[in-house]
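S.K.: For reference, the sequence and a predicted model appear below.
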Amino acid sequence: MKDDDVTTFEPFFVARQPVFTRRMDIWGYELLFRHCLGAQQAEITESDEATSKVLSEGLSVAQKGLKQQAKFLINFPRKAFIEEYALLFSPDRVLIEFLEDIIPDRHVLKACLDLKKKGYSLVLDDYQGQREYKELFKLVDMVKVDVQGLSAEQIDEVVRKVREKSKCLIVAEKVETRDMFKLTKKLGCDLFQGFFFSEPEIIPGKSIPGNKIVKLHLLDMLSHQKAYDIKQLTQVIKSDLSLSYRLLRYINSPYIGLPHKVQSIKHAINMLGYKRLLRWLRIQILAELNSTKRGQELCMRSAQRGRFLELLSGKYFTPFPPESMFLVGLFSLLDAILDQPMEDILKSLPLTNQMAETLKGEFQEGKVWLDLVQVQEYADWESLQTLIDYLGLSPEFTAECYIQAMHWSSDLLQAESSK
C-alpha cells in the first residue's frame, strides 16, 4: 500500500482508550465502536453477520502496533451479549463489558455463566451502587465506577460497597484530572481510565530543560525545511547513537516492506525518502521528550492525530496545507508530553501565529479540526456527527482516514511498542 493511500472499505467508527495502573503503566484499552454514526449507543441493529464483522475488525484495527499481551475491554449490547459474539475473541485478550442499561434478567445471567465457564472475564460498567446488579457481583471480575461529578465521600462509599460484595478489580472511569487520579488511587481503586493523562501538571516556575528546547527547535526545523543536504542530515543522525540504532531497526523491520536491508545511515536515508524520514524523525524526537509508558501512548496519539488531519486535508479545504495540518496534530499534545502549559511551550517554537493560536485553542478555524480529533478519540459519536456535518465531511471518508491513521501511527512505532 502506498504511503498516501486510503483504502476503500465499508466504514465503521472506532476509538481506543487506555486503562492505566496505579503506577501509570498501561494495563490495557477499552475499544469503542459504531458501525455507523446513526447507530444507537446501546444497540446494534445490523444483521448478525455485520455485527460480527464490526466487532472482529474493530479489534484488529485497535490492537495493531500494541504488545501481544495487551488486553481489551469491549462494550457488548444485549443482543451481542446473549448470542455470545465474544466467542470471536480469545478470552486471554478480551474482557466483556456489561453495559449499564442491560437488565440482568435470567437470559443475561445465563449468558454470563456460559461465558465464565468458557474462561471469559466480565466487567460491569458505570456502577454507582445499583441494587439490581446484586447477582452479577458473583460473576464479574471488574467493576467500573464513573467518578465524574462525584464527591470524595460519594466515591469512597461506592468503592466500599464494591469491596463488601466482591474481590474484583475496581476501575475509576472518567478520571479527567491528575487530582482525581490521586484521589481515586488513595480511595483504593486499582485501575484508571479517563483523560487525566492528557492533562499537564502545572508546576509554578518550572521551565523546559535545555535539551528539550533543542529537540523542539529541531522539530520545527524539520517541519519547515524544504530541502536538505544529505551529508549534513546523515551527520546529525550519526551523531546520536539512539537515533541511528532506531532508524536502522525501523527501516529493516518487516512493517516497512522495503525490498532490501540497509547497512548505513546514508543508505537508509536514500531508501526511506525525505518525506517519510522527516515524519519518522519528528515522531522519534517527540517520543524522547517523554519516555514513560504514558509518554509512549501520548506519542502514538500525537502521530495518529497528525496523520488523520493530513489525510483529511488532502481532500477537504483546511486552514493549513497538509504538512502543516500534520504538524498541528502532532504538536497538539505537547502540553501533556512536557507537563507544561501550551502557551509556555510555544514560546520556544517559532510557529506561524495561526498555528500557535490553534494549539492554544484561540483560532477557531483551526481549533475545530482538533475538536474533531478529540471527539473521535473520546468516542463522543453525537458530537462527531455534528462536527462532520459542520465541516462538510463525508462520514465514510472520515472513518477511513482515522483507521488509516491508526494503522500508520502503529506501524511507525511498532518496533518501540513491541519491545
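M.R.: Done, it's in. Numbering: from 1, shown residues only.
S.K.: Do a quick rundown of the strands in the stretch 151-300 of the chain.
M.R.: 169-173, 191-193 (DSSP state E, counting those that start in this stretch).
S.K.: Export those to CSV and append columns for distance to residue 138 and mean neighbour count.
M.R.: Heads up, the C-betas are built off the backbone N, CA and C, glycines and all. CSV is the format used below for those (distance: least, C-beta to C-beta, whole Å; neighbours: other C-beta atoms under 10 Å):
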stretch, distance to residue 138, mean neighbour count
strand 169-173, 15, 23
strand 191-193, 21, 23
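S.K.: Reformat those as TSV; add mean pLDDT.
M.R.: TSV is the format used below for those (pLDDT from 0 to 100):
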stretch	mean pLDDT
strand 169-173	94
strand 191-193	94
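S.K.: can you tell which of the ones you listed is closest to residue 17?
M.R.: Taking C-beta to C-beta, strand 191-193 is the member of the strands of the stretch 151-300 of the chain nearest to residue 17, at 6.3 Å.
S.K.: picking that back up, looking at the strands of the stretch 151-300 of the chain, which is closest to residue 58?
M.R.: Closest approach to residue 58 among these is made by strand 191-193 (17.9 Å; C-beta to C-beta).
S.K.: For the closest one, name the packing helices and strands.
M.R.: Using 3 or more C-beta pairs under 8 Å, 6 or more residues apart in numbering; DSSP states H and E, the elements in contact with strand 191-193 are strand 13-20, strand 169-173, helix 178-186.
S.K.: rerun at 6 Å
M.R.: With contacts taken as 3 or more C-beta pairs under 6 Å, 6 or more residues apart in numbering; DSSP states H and E, strand 191-193 sits against strand 13-20, strand 169-173.
S.K.: possible to save those as CSV with distance to residue 408?
M.R.: CSV is the format used below for the helices and strands packed on strand 191-193 (distance: least, C-beta to C-beta, whole Å):
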stretch, distance to residue 408
strand 13-20, 14
strand 169-173, 28
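S.K.: Which among the ones you listed is found nearest to residue 104?
M.R.: strand 169-173 (19.0 Å).
S.K.: The closest one pairs with which strands, parallel or anti?
M.R.: Strand 169-173 pairs in its sheet with strand 142-146 (parallel), strand 191-193 (parallel), by DSSP bridges.
S.K.: May I see those strands organised as a markdown table, with distance to residue 272 added?
M.R.: Below are the strands paired with strand 169-173 laid out as a markdown table (distance: least, C-beta to C-beta, whole Å):
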| stretch | distance to residue 272 |
| --- | --- |
| strand 142-146 | 43 |
| strand 191-193 | 37 |
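S.K.: Nearest to residue 165, out of those?
M.R.: Comparing the strands paired with strand 169-173 by C-beta to C-beta, strand 142-146 comes nearest, at 8.9 Å.
S.K.: Mind checking the strands of the stretch 151-300 of the chain for the one nearest to residue 131?
M.R.: Short answer: strand 169-173, nearest of the strands of the stretch 151-300 of the chain by C-beta to C-beta, at 18.3 Å.
S.K.: how about the closest one as CSV, C-alpha atoms only?
M.R.: In CSV, the C-alpha atoms belonging to strand 169-173 read as follows (Å, rounded to 0.1, in the frame of the first residue of the first chain):
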residue,chain,number,x,y,z
LEU,A,169,-10.8,-5.1,40.4
ILE,A,170,-12.2,-1.6,40.6
VAL,A,171,-11.7,0.8,37.6
ALA,A,172,-12.2,4.5,38.2
GLU,A,173,-13.5,5.8,34.9
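S.K.: Just the angle for that strand relative to helix 178-186, thanks.
M.R.: Angle, strand 169-173 to helix 178-186, by axes from the mean of the first three to the mean of the last three C-alpha atoms, to 10 degrees: 170 degrees.
S.K.: contacting residues around strand 169-173?
M.R.: Strand 169-173 has contacts (C-beta atoms under 6 Å, 6 or more residues apart in numbering) with 142-147, 162, 184, 189-193.
S.K.: Rounded mean pLDDT for stretch 13-31, please.
M.R.: Mean pLDDT, stretch 13-31: 88.
S.K.: Report the buried residues of it.
M.R.: Under the neighbour-count criterion of 16 or more other C-beta atoms under 10 Å, stretch 13-31 has 13-20, 24, 26-31 buried.
S.K.: Kindly report the same for stretch 362-373.
M.R.: Result for stretch 362-373 [16+ other C-beta under 10 Å]: buried residues 363, 366, 367, 369, 370, 371, 372, 373.
S.K.: Name the surrounding residues that touch that stretch.
M.R.: Contacts for stretch 362-373 (C-beta under 6 Å, 6+ apart): 305, 309, 319, 332, 354, 357, 358, 361, 387.
S.K.: So which of the residues you listed are in strands?
M.R.: In strands, judged by DSSP state E, none of these are found.
S.K.: Identify, from those residues, the entry nearest to residue 95.
M.R.: For those, the nearest to residue 95 is residue 305 (27.1 Å; C-beta to C-beta).
S.K.: Quick check, the closest one in contact with residue 329.
M.R.: Yes: applying C-beta atoms under 6 Å as the test, residue 305 and residue 329 come out as touching, 3.5 Å apart.
S.K.: neighbour count winner among those two?
M.R.: Neighbours were counted for residue 305 and for residue 329 using other C-beta atoms under 10 Å; residue 305 has more, 28 against 25.
S.K.: Name the nearest residue to residue 13, ignoring sequence neighbours.
M.R.: The shortest distance from residue 13 to any non-neighbouring residue, by C-beta to C-beta, 6 or more residues apart in numbering, is to residue 34 (4.6 Å).
S.K.: Wait, the one you found touches residue 381, no?
M.R.: Yes: counting by C-beta under 6 Å, residue 34 touches residue 381, with 5.5 Å between them.
S.K.: Pretty sure residue 72 sits in a helix.
M.R.: No: using DSSP: H, G, I helix; E, B strand; the rest coil, the assignment for residue 72 is strand, not a helix.
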